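# Please work out how this folds:
(2 chains)
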2 protein chains.
Amino acid sequence: MRQSLESENKMIESISESPLYRIANPQSIAFFGASKNISGMGTSILGSLQAQGFEGPVYPVHPRDEQILGLTACKDVRDLPEIPDLAVMVLPTRVVPEVLDACGEKGIRQAVIVSGGFQEVGPEGADLQKSLLAVAQNHGIRLLGPNCLGVANPHHKLNTTFLPNNSAPGFIGMASQSGSFITQMFSYLDHYGMGFSTGFSVGNEANIDLVDCLEYLGACPHTRVIALYVETLRRGRQFIETARAIVPHKPIVAYYVGGSAAGKTASLSHTGALAGPDRLYDGVFRQSGVIRAHSMEELFDFCLVLGTCPPPKGNRMVIQTHSGGPGAVAADACSRNGLEINPLGKATLEALAPYVPSTGSANNPVDLTFSRNPMDFFSSIPKILIEEPSADGLLVYFLIPDSVMRRALDQMGVPTEQIEGEVRKIIHAQCQSIYDLQQQSPKPIVGFSFMDRNDRFISRMVEMGFPILESPTRAARAMAALYQYTQFQRKLVKSA
Amino acid sequence: MRQSLESENKMIESISESPLYRIANPQSIAFFGASKNISGMGTSILGSLQAQGFEGPVYPVHPRDEQILGLTACKDVRDLPEIPDLAVMVLPTRVVPEVLDACGEKGIRQAVIVSGGFQEVGPEGADLQKSLLAVAQNHGIRLLGPNCLGVANPHHKLNTTFLPNNSAPGFIGMASQSGSFITQMFSYLDHYGMGFSTGFSVGNEANIDLVDCLEYLGACPHTRVIALYVETLRRGRQFIETARAIVPHKPIVAYYVGGSAAGKTASLSHTGALAGPDRLYDGVFRQSGVIRAHSMEELFDFCLVLGTCPPPKGNRMVIQTHSGGPGAVAADACSRNGLEINPLGKATLEALAPYVPSTGSANNPVDLTFSRNPMDFFSSIPKILIEEPSADGLLVYFLIPDSVMRRALDQMGVPTEQIEGEVRKIIHAQCQSIYDLQQQSPKPIVGFSFMDRNDRFISRMVEMGFPILESPTRAARAMAALYQYTQFQRKLVKSA
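Okay, the predicted model is just below:
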């Protein structure tokens, strides 16, 4: 890792101080590389930008085509009626430096260079990247890329990535050394009720790097949690310092690829990055207070829980279930990830007694087997459990199959045409009840279920912003990450 | 673990030799515990049985209610017009032994005891379980349970579990010490194109245990892979011997809970099982040739790949992608799980050259970035890669968003009303092409994608039976499990 000499910590206080500010929040855009060829990468990206509903003017620049996706194109950047805040380039590699130069002449000071073919392809590309950088420095241009997908900032209706983003603006601020993990995760995140506050694809990081993004996201008011996809850290010391300044008030999760032999080779040909040994990165993350995830799904599982729950004061968890197996798995997974599952106190057991049938168990996991009044599972029971003084958080298993509810209502004689409405009413009441409890609780509550994300109960909970993970193991690991954040916060506040 | 004195290996050759045969394939059923109370557990289970379309006669037995879910009930088991093959009991604990005795008098020789309140609740329950067993032995009754959910055998239209099973008969034979992991996984499995051949919930294993199920499933012609959810092994030596006899011709995957402090406590109150140290179980599984999974999702991921792919001859994998990040993650995850990612041979590189654009990389991962003709990604390219002599298997990343295809067709001027049909046609052709390749290939091909399971491409592939996992990490781990099976097979065939 390259280490800079300066070590003082000059964190920005507002995103407007960041070189990324105008890149993530441009008022106007010059677009290079869209054309009449509708299957071209540039045209697709312009399509994404339009689909997101970007509100400022967008100026396509093209030497021949006059109309591009309904916009009037300009033959030359010099002819534009104003100086756009941002240039987005999806051009053949060899012309990029000269077009950037023309942009600089025009007065443009920010750019997203989508084009690849630079450092990641070998020595010749590296030379070209140097020329590109020289042009940028000459004009004082700050740029993201090359070999990147730029920015998705749904709060600003900006999307310079390949795929359209139909999900709501969210709370994950991401910086990624793979553009795929910005643009290809839109609908994945949507299924969990998450979304990006701002997502940066940093590409080859020729001019703006992961640390710059970290700084921006640390100050970004829409960002509740920061996600990093890392193939290499080019500025190790600054990474540590920046992270340590952010973590006391905002969690950071990183997924590092490159610690294995194959990962290293793959990331070299991907972004020209030189990965380091796994253990070194483990140490860097620990020292930085950065929570380490071990897969993409874990990265976002952790973000979901960190972005929606208060961190627990300690590591003692209660598990609420009506099924023994999922309860046992959750308990085992908690144990394996540093969380404790202790017996409940006397007062809690007494309060719980009326709700636990003879087939159930008030041991922790609290396995109810069934509830006489199904609503109790979403109201009285979790309310009692969250008040257990020796517990720091609650994990709840959900299984509410529409089909069973529908069958029961049918057998109760509810007229067929009313069943759908009744099911919806019941589910909404259940969701509202446990959601309200979660909102008022100073302790984290995390749900888990094997049900489909499109199931009505799950999708309603997701809509409300309640974290539900797809298995007891994933829920336990995410809760452990939340507790790790508590520990990092304490350590860094103390050392500050 | 209790160890029996007999050690010779007497494997059954046909399921009809198993004590489970009539339990899993009854011609007629006496049902105890369903009533007019539609929300009762017994009534729900009878409802599941009816919903599955069980074809033999079902005789509800109830002292008072005369009509139950449209069936005429019988007041006493002694009055039944025939001797049913199987009794299913969902009765209050205390009456179970006497009802079982009456069943024995009638001549019934198989039972599923759903009722709980036996060994899992403590010494008093343990005594009651002894009485139950004495009754069974007295009449020569073989029983599953107590404290279980019985059997789901969709091939025989049988389902004695709590939830209705709407998925197609499948290839996973499962024995589970949690009924939830049979009944609550029906729709989960369906989303992956899997399903149970037969699923046994063994409960307290008073009379029939996991080893009996293993033996049955080893001989079951519908079962391609065996899944085990284990909280304890009550007959260690027999487990090892039975597994070792099965593994040369059928893979077994086990998920063990109970290795941690909390897991141990949870499983004790769940099924009265005494769990052992994690390392001991690790050794038992390795000696048995049983692949160990570390979560429920991993258990079924492994089953999917083991049930649909030939095991690879070696551990050398090729990764095909058009996105760098997912490719790098897959390579890293392969490396971390004992799989090798090597450069391709000269002949393969030459064959591949026309398909790799200048932005792409023919290193392994083969990152195409894009394909001039999108169909190549599903036909020519994987065909070349699967023929690489130094590769033992292929992992392929899929990202085919309907929305982009729809947008492209729209911009190409395809009339709006034809777009849906065109999209379907293209997707079906892509699926068919790679599916055919997989069917002909002697090497395993496993897909991965972050797309929703309900996306058209994914659901079509799932429908066809092509394995697609939800992330590169999950796909790599499942491929590693498949290779582990190759190794276990070799070891056990050699030692036989």
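
# Buried residues of stretch A:158-177, list them for me.
A:158-165, A:167, A:169-177 (16 or more other Cβ atoms under 10 Å in any protein chain shown). In short, each C-beta sits where N, CA and C put it, glycine included.

# so how far is the first residue of it from its last?
19 Å (Cα to Cα, to the nearest Å).

# Show me what the mean pLDDT comes to for it.
Across stretch A:158-177, pLDDT averages out at 95.

# what about it, near chain B?
Yes. Using Cβ under 8 Å from any Cβ of the partner chain, we find that stretch A:158-177 touches chain B at A:163-164, A:166, A:176-177.

# farthest residue from the center of chain A?
A:Gly413 (45.9 Å; Cα atoms, centre = their mean).

# What ranges in the stretch 151-300 of chain A fall below the confidence cut-off?
The stretch 151-300 of chain A contains residues with pLDDT under 70 at A:259, A:263-264, A:267-275.

# measure the residue of the stretch 51-200 of chain A found nearest chain B to A:Leu214 for me?
Residue nearest to chain B within the stretch 51-200 of chain A: A:Ser178 (2.5 Å; Cβ to the nearest Cβ). Going from A:Ser178 to A:Leu214 by Cβ to Cβ, to the nearest Å gives 16 Å.

# now A:Ser176
Relative to A:Leu214, and taking Cβ to Cβ, A:Ser176 is found at 12 Å.

# Pull up the residues of the stretch 351-496 of chain A that are close to chain B.
By the rule Cβ under 8 Å from any Cβ, the part of the stretch 351-496 of chain A lying against chain B is A:358-359, A:361, A:363, A:365, A:367, A:369-370, A:399, A:401, A:403-404, A:407-408, A:411-412, A:450-454, A:470-474.

# Now, the residues you listed that are in strands?
Under the assignment DSSP state E, these contribute A:Asp367 to strands.

# Sort out which of the residues of the stretch 351-496 of chain A next to chain B are buried, if you could.
Of those, these count as buried by 16+ other Cβ under 10 Å: A:359, A:361, A:363, A:365, A:367, A:369, A:399, A:401, A:404, A:407-408, A:450-453, A:470-474.

# among the residues of stretch A:158-177 next to chain B, which two are most distant?
Maximum pairwise distance among these (Cβ to Cβ): 24.9 Å, between A:Asn166 and A:Gln177.

# Contacts only, for A:Ala266.
A:257-258, B:319, B:324, B:327-328, B:331-332, B:341, B:363, B:365 (Cβ atoms under 8 Å, 6 or more residues apart in numbering or on different chains).

# Recalculate using a threshold of 10 Å.
A:Ala266 makes contact with A:231, A:257-258, A:260, A:273, A:275, B:319, B:321, B:324-325, B:327-332, B:334-335, B:341, B:361, B:363-365, B:367 under the criterion Cβ atoms under 10 Å, 6 or more residues apart in numbering or on different chains.

# Out of these, which sit inside strands?
B:319, B:321, B:367.

# beta partners of the residue nearest the centre of chain A?
Residue closest to the mean C-alpha point of chain A, counted by Cα atoms, centre = their mean, is A:Ile172 at 3.9 Å. As for beta bridges, A:Ile172 partners with A:Phe196, A:Val225 under DSSP bridges.

# hang on, isn't it packed against A:Ile226?
Yes. At 7.7 Å, A:Ile172 counts as touching A:Ile226 under the criterion of Cβ atoms under 10 Å.

# Tell me the residues that contact both of these two, please.
A:197, A:217, A:253, A:303, A:306-307.

# Near chain B, list only the ones from the residues you listed.
The subset of those within reach of chain B, by Cβ under 10 Å from any Cβ of the partner chain, is empty.

# Just the buried ones among the contacts of A:Ala266, please.
Buried among those by 16+ other Cβ under 10 Å: A:231, A:257-258, A:260, A:273, A:275, B:319, B:321, B:324-325, B:327-332, B:334-335, B:341, B:361, B:363-365, B:367.

# How about the backbone phi and psi for the residue farthest from the centre of chain A?
phi 90, psi 10 (degrees, to the nearest 10).

# By pLDDT, give me the weakest of the ones in strands among the contacts of A:Ala266.
Least confident entry in those, by pLDDT: B:Asp367, with 93.

# of all the shared contacts of A:Ile172 and A:Ile226, which comes closest to A:Thr486?
Closest approach to A:Thr486 among those (Cβ to Cβ): A:Leu306, at 10.7 Å.

# Now name the helix or strand holding the closest one.
helix A:296-308 (DSSP states H and E).

# domain assignment for chain A?
A:15-306, A:310-488 (automatic domain parsing).

# can I get the ones you listed in JSON lines with distance to B:Val135?
Output for the domains of chain A, formatted as JSON lines (distance: least, Cβ to Cβ, whole Å):
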{"stretch": "domain A:15-306", "distance to B:Val135": "49"}
{"stretch": "domain A:310-488", "distance to B:Val135": "21"}
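
# can you tell me which of those comes nearest to B:Pro154?
Closest of the domains of chain A to B:Pro154 is domain A:310-488, at 16.2 Å (criterion: Cβ to Cβ).

# Now do the strand or helix carrying A:Ala134: everything it contacts.
Using DSSP H and E, A:Ala134 falls within helix A:123-139. Here helix A:123-139 makes contact (Cβ under 10 Å, 6+ apart) with A:93-94, A:96-109, A:111, A:113, A:115-121, A:141-143, A:145-147, A:204, A:206-207, A:272.

# buried ones in that helix?
A:125, A:128-129, A:132-133, A:135-136, A:139.

# Who does the next helix or strand after it pair with, and is each partner parallel or antiparallel?
As assigned by DSSP H and E, the chain's next helix or strand after helix A:123-139 is strand A:142-144. When pairing is defined by DSSP bridges, strand A:142-144 lines up against strand A:110-113 (parallel).

# And the helices in the stretch 1-150 of chain A?
Secondary structure of the stretch 1-150 of chain A (DSSP state H, counting those that start in this stretch): helices located at A:21-24, A:41-52, A:96-106, A:123-139.

# Run through the residues that contact A:Gly140.
Contacts of A:Gly140 (Cβ under 10 Å, 6+ apart): A:104, A:109.

# From B:Ile23, how far off is it?
From A:Gly140 to B:Ile23 the distance is 79 Å (Cβ to Cβ).

# quick one: average pLDDT of stretch A:35-55?
92.

# Repeat that for stretch A:97-114.
98.

# chain center to that stretch: distance?
Distance of stretch A:97-114 from the chain centroid (Cα atoms, centre = their mean, to the nearest Å) equals 30 Å.

# End to end on it, go ahead and measure it.
13 Å.

# In that stretch, which of the residues would be classed as buried?
Applying 16+ other Cβ under 10 Å to stretch A:97-114 flags A:97, A:99-104, A:106, A:108-114 as buried.

# swap in stretch A:56-65?
Under 16+ other Cβ under 10 Å, the buried positions of stretch A:56-65 are A:58-62.

# Check stretch A:422-430 too.
Those would be A:422-423, A:426-427, A:430, for stretch A:422-430 by 16+ other Cβ under 10 Å.

# tell me the average confidence for it?
93.

# gap between it and the chain center?
With Cα atoms, centre = their mean as the basis, stretch A:422-430 stands 30 Å off its chain's centre.

# returning to what we had before: assess the claim that the residue of the stretch 51-200 of chain A closest to chain B and B:Gly325 are in contact.
Yes. Counting by Cβ under 10 Å, A:Ser178 does reach B:Gly325; the two are 2.5 Å apart.

# I'd like the residues of stretch A:158-177 next to chain B as a markdown table, with secondary structure appended.
Shown next, in a markdown table, are those (DSSP: H, G, I helix; E, B strand; the rest coil):
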| residue | secondary structure |
| --- | --- |
| A:Leu163 | coil |
| A:Pro164 | coil |
| A:Asn166 | coil |
| A:Ser176 | strand |
| A:Gln177 | coil |
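
# on that earlier part again, quick one: the helix holding A:Leu306 to helix B:296-308, angle?
If you take axes from the mean of the first three to the mean of the last three Cα atoms, to 10 degrees, helix A:296-308 sits at 160 degrees to helix B:296-308.
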